[in-house]
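In: Got a sequence here, can you build the structure:
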Amino acid sequence: MRRMPLVILANCLLIVQLSVGALARSAKADKAAKSQGVSFKQEAGKVEVSVEGQPFTTYYFEGYKKPVFFPLRSATGTIVTRGYPMVAGIAGETQDHPHHKGLWFTHGDVNGVDFWSESDKTGKIVHRKFVAVKGGPKTGVLQSENDWVNPAGERVLKEIREVTIHSQPGVRVMDFDLKLTALAGSVKFGDTKEGSFGIRLAQAFSDKDGGRMENSQGGQGEKGCWGKSADWVDNTAKINGEYVGVAIFDHPTSFRHPTHWHVRGYTLFAVNPFGLHDFYNDKSKDGSHTLQKGQSISFRYRVYIHPGNAQDAKIGEQYKAYVDGVRFK
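Out: Below is the predicted model:
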């Protein structure tokens with residue numbers, strides 16, 4: 001038997017190595033392709049959220065008086081939330097209201113206890129467990145159970161929080177389904193403007209910095225939107241040359257739809273179905289609501305981060321699609 005020349009043998013080995021390398025790269029590419037969509041990476045006290053392989057937000061479920069999403073980014077990666085107090089020293093940012101952290105859900109009067117502000121005398125929302133942390137090619141779901149705990153350490157409310165994050169080109173979309181159940185006895189949500197589902201937007205969204213606020217009823221600015229009832233409110237700003245907007249949609253099945261809005265020109269952006277006497281400046285109005293033990297209340301909102309202004313993004317049409325249950329393709 002004739003031996004194979006060393007040169008031919010070396011070439012064969014090289015071909016094998018190249019083939020193996022190509023297969024490895026192909027497998028790596030396939031794995032990367034499969035990782036697109038919505039993905040989660042759980043670490044101590046937080047979950048990193050990526051959309052199409054790009055960072056979107058982080059869910060901090062421990063370490064603060066309430067769970068928060070921070071920061072929120074547009075599809076281009078532009079941060080649309082204020083940094084303070086999570087990130088200090090950002091030039092031009094205001095440093096008021098340190099309890100305004102990213103995106104959150106609380107209320108300022110629950111059986112007389114303030115869950116909105118943060119101090120030794122305020123309530124807190126405690127993460128108990130995740131029911132689901134599941135990514136996917138089109139959507140990802142974070143479902144958790146939380147307890148609303150008063151300063152005496154008593155569990156007042158059980159919260160089921162389901163957040164669905166969608167993978168869609170050019171936009172970022174988060175759906176919130178929130179259910180609160182009274183635990184030990186009756187629970188009264190008091191009438192106060194300090195609530196409830198909120199985002200603290202970046203400084204560029206302020207009216208002094210050129211931000212634009214409008215609602216589904218044609219209202220504009222704080223004067224036309226604060227305390228008003230509307231299906232949606234949209235805020236737009238120019239950040240580093242990019243026009244970007246953030247809208248919140250109130251679903252018709254959500255409590256007291258169409259809701260009222262605690263939205264300020266200094267960039268507080270909050271949904272509040274309870275604060276009627278403040279919003280109407282009328283002490284005879286009572287926006288409070290009481291749950292008896294075992295009763296529940298539900299809230300449903302969509303956060304829609306988009307390029308351009310409300311007209312460019314066709315927010316009215318997007319809201320209708322949300323209401324009609326139209327699925328993203």
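
In: Spit out the contact partners of residue 39.
Out: Under the criterion of Cβ atoms under 8 Å, 6 or more residues apart in numbering, the neighbours of residue 39 are 49, 50, 53, 135, 140. (Glycine included, C-beta is placed from N, CA and C.)

In: May I see those residues arranged in JSON lines, with neighbour count and pLDDT as well?
Out: Output for the contacts of residue 39, formatted as JSON lines (neighbours: other Cβ atoms under 10 Å; pLDDT from 0 to 100):
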{"residue": "49", "neighbour count": "24", "pLDDT": "98"}
{"residue": "50", "neighbour count": "20", "pLDDT": "98"}
{"residue": "53", "neighbour count": "11", "pLDDT": "96"}
{"residue": "135", "neighbour count": "20", "pLDDT": "98"}
{"residue": "140", "neighbour count": "24", "pLDDT": "98"}
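
In: Closest to residue 201 out of these?
Out: residue 49 (18.7 Å; Cβ to Cβ).

In: Quick check: that closest one touching residue 38?
Out: Yes - using Cβ atoms under 8 Å, residue 49 is in contact with residue 38, at 7.2 Å.

In: shared neighbours of the two, anything?
Out: 140, 165.

In: can you pull out the helices in the stretch 151-300 of the chain?
Out: 221-225, 276-279 (DSSP state H, counting those that start in this stretch).

In: Arrange the ones you listed in JSON lines, one row each, with distance to residue 309, mean neighbour count and mean pLDDT as further columns.
Out: Formatted as JSON lines, the helices of the stretch 151-300 of the chain follow (distance: least, Cβ to Cβ, whole Å; neighbours: other Cβ atoms under 10 Å; pLDDT from 0 to 100):
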{"stretch": "helix 221-225", "distance to residue 309": "14", "mean neighbour count": "16", "mean pLDDT": "98"}
{"stretch": "helix 276-279", "distance to residue 309": "26", "mean neighbour count": "20", "mean pLDDT": "96"}
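
In: Would you mind giving those helices as JSON lines with distance to residue 113 added?
Out: Output for those, formatted as JSON lines (distance: least, Cβ to Cβ, whole Å):
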{"stretch": "helix 221-225", "distance to residue 113": "28"}
{"stretch": "helix 276-279", "distance to residue 113": "18"}
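
In: between those, which gets nearest to residue 317?
Out: helix 221-225 (20.0 Å).

In: Contacts made by that closest one with the rest, please.
Out: 207, 212, 213, 214, 215, 218, 219, 233, 261, 263, 264, 265.

In: Check those residues against residue 275 and report the nearest one.
Out: For the contacts of helix 221-225, the residue nearest residue 275 by Cβ to Cβ is residue 261; the value is 9.6 Å.

In: Roughly how far does the closest one sit from residue 309?
Out: 18 Å (Cβ to Cβ, to the nearest Å).

In: Among these two, which residue is more densely surrounded?
Out: residue 261 (26 against 17; other Cβ atoms under 10 Å).

In: how about the contacts of residue 39, which pair is most distant?
Out: The span of those, defined through Cβ to Cβ, is set by 53 and 140 at 12.8 Å.

In: Pull the contacting residues for residue 131.
Out: 143, 144, 145, 160.

In: rerun that using 6 Å as the cut-off
Out: Counting by Cβ atoms under 6 Å, 6 or more residues apart in numbering, residue 131 makes contact with residue 143.

In: got it, and the one 5 residues further on?
Out: Residue 136 sits next to residue 37 when contact means Cβ under 6 Å, 6+ apart.

In: can you pull the pLDDT of residue 148?
Out: Note on residue 148: pLDDT of 98.

In: wouldn't it be in contact with residue 124 here?
Out: No - if you go by Cβ atoms under 6 Å, residue 148 and residue 124 don't touch, sitting 7.8 Å apart.

In: These two: which is more packed in?
Out: Comparing residue 148 with residue 124 by other Cβ under 10 Å, the one with more neighbours is residue 148, at 25 against 18.

In: Now for the more buried one, which secondary structure element holds it?
Out: Applying DSSP states H and E as the criterion places residue 148 in strand 139-149.

In: Work out the sheet partners of that strand and label each with its direction, please.
Out: strand 124-134 (antiparallel), strand 155-168 (antiparallel) (DSSP bridges).

In: Done for today, thanks.
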